[in-house]
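S.K.: Okay, predicted coordinates and the sequence, questions at the end:
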Amino acid sequence: MSAGRAQARITFLGTGTSSGVPMIGCTCAVCTSSDPRDKRLRPSIFVEVPGRIRILVDTTPDLRQQALTYGITRVDAILYTHGHADHVLGLDEVRRYNHMQGGAIPCYADRTAWETIRRTFSYVFDGVPRLGGGIPRIEAHELSGPIVLGGVKVVPVPLWHGEMPILGYRFGSFAYLTDCNRLHDDAWALVEGVETLVIDALRHKPHTTHFTVAEALEVIARIGPRRAWLTHMAHELGAAATNAGLPEGVELAYDGLVLDVAVDVHDIH
Ligand SMILES: [Zn+2]
Ligand SMILES: [Zn+2]
Ligand SMILES: [Zn+2]
């Protein structure tokens, strides 16, 4: 087995909080802004490693729209961060990929997330035969440590989302830490040396389950990546005004942002 690095392309499919931005019925400056960076679908990223694998992180309620907008015509694996509605409710859209690809899709989550997903999508797991459109076909895998998918190393990073343990993911030089307000003690070693960091920053006002901008900046300073991008933003954070107050190298992510990063690969010869 030989280890090395490969280029990966990260596409941000959504960078908004659970309600999306604009919010239904809101007339605030950000919700009515004409800046495309202020239009945020529910949070998700797509990780493509050419010739190896295409990984979707979370299946949001906006998955169909995201897949059409960004031309996602194949998904080889799905990683779940946790079981909240804004991260899982698009699971039924997987049917389309089952049909195009002719098989079930391997999905990875921790035990807590699987408990929620099984409850939320009981029709997928109850074994009752159904006529008509069918159900998404997935292979459920419980994560308990790093895995290798299509030769690409994926490291789950334990985070706290209020009282709920959830997972961020590291792929080589890149880490995606959404929906958290604290890193697990074990997480710091796992994100050491990350060059491109994505981290939750909901708004400026404190929240019980999400980092504020100031808290996210403290974590960024401690990890010390070359670039950091904030995600899961609520409508309090307009892109132009917020970016103007951020330190060098830190910016709000936006829907459609594409990053090229180096991931760790393991080849068996
Ligand atoms: Zn969320
Ligand atoms: Zn608003
Ligand atoms: Zn959440």
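M.R.: Thanks, I have the structure now. Ligands and ions are numbered 1, 2, ... in the order given.

S.K.: show me what contacts the most centrally placed residue in the chain?
M.R.: In the chain, the centroid-proximal residue (CA atoms, centre = their mean) is residue 44; its distance is 3.9 Å. Remark: with contacts taken as CB atoms under 8 Å, 6 or more residues apart in numbering, residue 44 is in contact with 12-14, 56-60, 62-63, 66, 87. Every residue, glycine included, has its C-beta placed from N, CA and C.

S.K.: separation between it and residue 233?
M.R.: To residue 233, residue 44 is 14 Å away according to CB to CB, to the nearest Å.

S.K.: Please list the residues of the stretch 151-269 of the chain that sit near ligand 1.
M.R.: residue 179 (CB under 5 Å from the ion).

S.K.: buried sites along stretch 121-140?
M.R.: 121, 124, 135-136, 138 (16 or more other CB atoms under 10 Å).

S.K.: average model confidence for it?
M.R.: Average pLDDT, stretch 121-140: 90.

S.K.: What lies in contact with that stretch?
M.R.: 78, 88, 91-95, 98, 103-107, 109, 114, 117-118.

S.K.: distance between the ends of it?
M.R.: Using CA to CA, to the nearest Å, the end-to-end distance of stretch 121-140 comes to 13 Å.

S.K.: again, but for stretch 67-83
M.R.: 20 Å.

S.K.: likewise stretch 234-243?
M.R.: 14 Å.

S.K.: which of the residues in it are buried?
M.R.: 234-235, 237-239, 242.

S.K.: likewise stretch 61-77?
M.R.: Buried residues in stretch 61-77, counting neighbours by 16+ other CB under 10 Å, are found at 61-63, 65-67, 72, 75-77.

S.K.: Over to stretch 173-188?
M.R.: Result for stretch 173-188 [16+ other CB under 10 Å]: buried residues 173-181, 183-184, 187.

S.K.: okay, it in CSV with CA atoms only?
M.R.: Presented in CSV, the C-alpha positions along stretch 173-188 are these (Å, rounded to 0.1, in the frame of the first residue of the first chain):
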residue,chain,number,x,y,z
SER,A,173,-5.5,19.3,3.9
PHE,A,174,-9.2,20.1,4.1
ALA,A,175,-11.6,19.9,7.0
TYR,A,176,-15.4,20.6,7.1
LEU,A,177,-16.7,21.4,10.6
THR,A,178,-20.4,22.4,10.3
ASP,A,179,-23.0,22.5,13.1
CYS,A,180,-20.8,22.8,16.2
ASN,A,181,-20.2,25.1,19.1
ARG,A,182,-17.3,23.2,20.6
LEU,A,183,-14.6,20.8,19.4
HIS,A,184,-14.4,17.4,21.2
ASP,A,185,-11.1,17.2,23.1
ASP,A,186,-10.0,14.5,20.6
ALA,A,187,-10.7,16.7,17.6
TRP,A,188,-7.8,19.1,18.0
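
S.K.: quick one: is that stretch near ligand 3?
M.R.: Yes - counting by CB under 5 Å from the ion, ligand 3 has neighbours in stretch 173-188: residue 179.

S.K.: How about the residues of the stretch 1-150 of the chain by ligand 3?
M.R.: Residues of the stretch 1-150 of the chain lying close to ligand 3 by CB under 5 Å from the ion are residue 84.

S.K.: Please determine how far the residue of the stretch 1-150 of the chain found nearest ligand 3 is located from residue 166.
M.R.: The nearest approach of the stretch 1-150 of the chain to ligand 3 comes at residue 84, 3.5 Å away (CB to the ion). Going from residue 84 to residue 166 by CB to CB gives 9 Å.

S.K.: okay, those two: which has more neighbours?
M.R.: When residue 84 and residue 166 are compared for neighbours, residue 166 comes out ahead with 27 against 21, by other CB atoms under 10 Å.

S.K.: excluding its backbone neighbours, what's nearest the more buried one?
M.R.: residue 82 (3.8 Å; CB to CB, 6 or more residues apart in numbering).
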